[in-house]
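In: Turn this into a structure:
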Amino acid sequence: MDNQTIKLTQYSHGAGCGCKISPAILDKILHSPIAAIPDTRLLVGNDKRDDAAVLDLGNGTALISTTDFFMPIVDDAYDFGRIASANAISDVYAMGGKPVLAIAILGWPIDKLLPEVAQKVLEGSRAICAEAGITLAGGHSIDCPEPVFGLAVNGIVNISQLKQNSTATAGCRLYLTKALGVGILSTAQKRGVLLPEDAAIALRSMTTLNKLGEVFGRMDHVKAMTDVTGFGLLGHLSEMCEGSGLAAIIEFNKVPVIPSLAGYLEQKCFPGGTERNWKSYGSKIGQLTEEQKYILADPQTSGGLLVAVAEEGAAAFEAELKSIEHNLEPIGWLEPLNNRTLITVV
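Out: Sure thing, here's the model as predicted:
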């Protein structure tokens, strides 16, 4: 088969972060009667639902270590490599860190797809790594029934600037740095109904690095942070709320959304991951319309950063972003839980 006619999404049953195991099933997998080996250097580990592991290096800095990989969400091999790499590196940014090194993870159906196609995936990965200022230093590959690609990434952070998803405080304003909807658009692509202009919007979103996370790490008024990926905005916000012991109020009309979603939702273009997400955490969410559910629970691939900013620092936060040509407004806020619904959408 000619490399130019290969459509990678035809070789996978899932797409991007929509491949993630649902939160409910993940809870069962992670539950173990065997206690982890204690390590006083481990600042963030598997006992928390954070974006990466963090190890104290003993000199005021910490090592951030993460991995992320998935099946193709686009047909083009080079773009698949770019998206998967931006998505994996995002976990370092989500903790306020600076990425320093990446290692590739490749699973390839060698009886179905030419090695030259995998080469294009790696070229795309190197391009994004270069944009992040790091080296793709090696990796590991296996013969796999479906194409899989991602990275293991290490980063560095000053411990005083480390951001977690469980350290938000009551009154924090919530901000989201990318528009929602790439899961819906990727489903439309698999069904052959995605318009070229919307494909370009999705690609631009998924290949944009979350470099702002490193900037946010230096801001004292940023109290908590995570990136929005396969569990959708509601899933990752649920983790922030539960970890911080808070409830969230979301103003739906202020949530950034890709403008063309309504037409695709009318065609029932939403990924299976949306329903899996909703079954996992829908009982924690207040009443929603169907449209709100499909957008707010939409699995994002290489999604934006969800940032909790102290109320008294919100104006300074917005002003500092404007100074570097980024305009954000809050999409909601956090309140004491007090036995109320975890997330309310108004």
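In: did I read that right, A137 in a helix?
Out: No. Counting by DSSP: H, G, I helix; E, B strand; the rest coil, A137 is not part of a helix but strand.
In: elements contacting the host helix or strand of G243?
Out: Applying DSSP states H and E as the criterion places G243 in helix 232-244. Where contact means 3 or more C-beta pairs under 8 Å, 6 or more residues apart in numbering; DSSP states H and E, helix 232-244 is packed against strand 222-227, strand 246-250, helix 272-281, helix 290-296, strand 305-309, strand 343-345. From N, CA and C alone the C-beta is placed, and that goes for glycine too.
In: Kindly state which of these is positioned closest to Y264.
Out: Distances from Y264 to each of the helices and strands packed on helix 232-244 were compared by C-beta to C-beta, and the smallest falls on helix 290-296, at 9.6 Å.
In: by contact count, what packs against that closest one?
Out: Secondary elements touching helix 290-296 (3+ C-beta pairs under 8 Å, 6+ apart): helix 232-244, helix 261-266, helix 272-281.
In: Apply 10 Å and report the result again.
Out: The elements that helix 290-296 packs onto, with contact taken as 3 or more C-beta pairs under 10 Å, 6 or more residues apart in numbering; DSSP states H and E, are helix 182-190, helix 232-244, helix 261-266, helix 272-281, strand 343-345.
In: Quick check, L162 in contact with A62.
Out: Yes. Using C-beta atoms under 10 Å, L162 and A62 qualify as a contacting pair, with a distance of 6.3 Å.
In: follow-up on the earlier one: for E335, find the nearest of the helices and strands packed on helix 232-244.
Out: The stretch from the helices and strands packed on helix 232-244 with the least distance to E335 (C-beta to C-beta) is strand 246-250; that distance is 5.2 Å.
In: Tell me how this structure divides into domains.
Out: Using automatic domain parsing, the domain ranges for the chain come out as 3-161, 173-345.
In: Next, format the ones you listed as TSV and append mean neighbour count and mean pLDDT.
Out: TSV is the format used below for the domains of the chain (neighbours: other C-beta atoms under 10 Å; pLDDT from 0 to 100):
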stretch	mean neighbour count	mean pLDDT
domain 3-161	18	87
domain 173-345	20	95
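In: follow-up on the earlier one: could you export the helices and strands packed on helix 232-244 as JSON lines, including distance to P330?
Out: Formatted as JSON lines, the helices and strands packed on helix 232-244 follow (distance: least, C-beta to C-beta, whole Å):
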{"stretch": "strand 222-227", "distance to P330": "13"}
{"stretch": "strand 246-250", "distance to P330": "10"}
{"stretch": "helix 272-281", "distance to P330": "22"}
{"stretch": "helix 290-296", "distance to P330": "16"}
{"stretch": "strand 305-309", "distance to P330": "8"}
{"stretch": "strand 343-345", "distance to P330": "14"}
